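Engineer: no sequence for this one, just the structure:
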């Protein structure tokens, strides 16, 4: 098999990442410069701050990625880059860097959807088999994506308001947990009991969409009311109750989708896919679907990283999906919706 090397860029939010990927499934390097400490004092990502950090880190990450992989620009076959969705300023840094490298070294430029990247992190576990269904859960996105074949992504359901990860961060702030709060809330949720019976919005509706705004509001109102009357609530029970509501809705909607769309694989991906509660629940639910295998994105690749972009890039390279110098950031980029069938 010919060796295909792709230099991949990911700068959609607050991680500056550059990777060298071989044949779409082998990581030669995956450099990630995180900005978490810079944003913690604000309780979330500040777009302008993120953009400035990307400018400072991008060239350093490129050189580190090439050095760690033991390759030069002459060894590369293509350049892949996230061009959306994400923060427009942050995206532009990665797109500009990728276009510059592609132009300077006469390499094809491959445009990659960030969500496709999260899904294709599964390629580092095993080959993706089609048809497949992906549950993508992150700080900015919660959606179910159906893939009939390669390079064919169709949304069948998504959040109507807050993404699951966004809700975790907001209730984490109420609990006194620093951004990003997901991991710590998950750990706390394994120490308490589901005593608050928070709402499972849209759980029984005849669609595959999600809503977490009402859950977030119910959580905050519960805590604020307790504060006003001088009552102290158990933080572990609050976290457990919140996570139980999130996991119930995610699992129920996914099971409903699997029933309507029989697939060979269910892929769990995105930053919140590292959540132990979600992983455990889906593992249990999949016992009823004997012809569907659950593929969990590797824990170290659940967050934003360039390796996942390179995994998609290799497939797009084979399909000759290239961009030219007019490629621009598309912050609201999304897959097409699957058209309903009678």
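Structural biologist: In hand now; what should we look at? If you're wondering where the values come from, they're calculated on a predicted model, not measured in any experiment.

Engineer: CA atoms for contacts and neighbours, from now on please.
Structural biologist: Fine.

Engineer: State which helix of the chain is the longest.
Structural biologist: Longest among the helix segments of the chain by residue count, using DSSP state H, is helix 235-260.

Engineer: With adjacent residues omitted, what lies nearest to residue 295?
Structural biologist: Spatial nearest neighbour of residue 295, chain neighbours left out: residue 267 (4.8 Å); criterion: CA to CA, 6 or more residues apart in numbering.

Engineer: show me where the stretch 51-200 of the chain has strands.
Structural biologist: Assigned by DSSP state E, counting those that start in this stretch, the strands in the stretch 51-200 of the chain fall at 78-84, 109-113, 132-137, 142-147, 154-158.

Engineer: chain center to the fourth one, what's the gap?
Structural biologist: Spelled out, that is strand 142-147. How far strand 142-147 lies from its chain's middle: 11 Å, per CA atoms, centre = their mean, to the nearest Å.

Engineer: for the record, mean pLDDT for that strand?
Structural biologist: For strand 142-147, mean pLDDT is 98.

Engineer: quick one: strands adjacent to that strand?
Structural biologist: Partner strands and pairing direction for strand 142-147 (DSSP bridges) are strand 132-137 (antiparallel), strand 154-158 (antiparallel).

Engineer: from the ones you listed, which stretch is densest packed?
Structural biologist: strand 132-137 (a mean of 26; mean count of other CA atoms under 10 Å).

Engineer: Give me the mean pLDDT for it.
Structural biologist: 98.

Engineer: which residues are contacting it?
Structural biologist: Strand 132-137 has contacts (CA atoms under 8 Å, 6 or more residues apart in numbering) with 115, 118-119, 142-149, 163-165, 254, 258, 263-273.

Engineer: Could you pull up the residues touching residue 248?
Structural biologist: residue 200.

Engineer: Please list the residues outside the worst-scoring helix or strand of the chain on mean pLDDT that contact it.
Structural biologist: Every helix and strand of the chain was ranked by mean pLDDT, DSSP states H and E. The lowest is helix 36-40, at a mean of 77. Contact with helix 36-40 is made by 14, 45, 46, 49, 178, 179, 180, as judged by CA under 8 Å, 6+ apart.

Engineer: Surely residue 269 and residue 119 touch.
Structural biologist: Yes: the pair residue 269 / residue 119 is scored as a contact, 5.6 Å apart, by CA atoms under 8 Å.

Engineer: Common neighbours of the two, please.
Structural biologist: Both residue 269 and residue 119 are contacted by 134, 136, 297, under the criterion CA under 8 Å, 6+ apart.

Engineer: Just the helices from the chain, written as ranges.
Structural biologist: Under DSSP H, the chain gives helices at 36-40, 47-69, 88-104, 114-120, 164-174, 182-189, 213-228, 235-260, 276-285, 306-318.

Engineer: circling back: just among the contacts of helix 36-40, which is most surrounded?
Structural biologist: Among the contacts of helix 36-40, the one with the most neighbours (other CA atoms under 10 Å) is residue 14, at 26 neighbours.

Engineer: Model confidence at residue 341, what's the number?
Structural biologist: 57.

Engineer: Check the helices of the chain for me: which has the lowest mean pLDDT.
Structural biologist: Comparing mean pLDDT across those, the weakest is helix 36-40, with a mean of 77.

Engineer: mind listing what's buried in that one?
Structural biologist: Residues 36, 38, 39 are the ones in helix 36-40 that count as buried (16 or more other CA atoms under 10 Å).

Engineer: cool, stretch 246-256 as well?
Structural biologist: By neighbour count on 16+ other CA under 10 Å, the buried set for stretch 246-256 is 246, 247, 248, 249, 250, 251, 252, 253, 254, 255.

Engineer: do stretch 165-182 as well
Structural biologist: Using 16+ other CA under 10 Å as the burial criterion, the residues of stretch 165-182 that qualify are 165-173, 175, 177-182.
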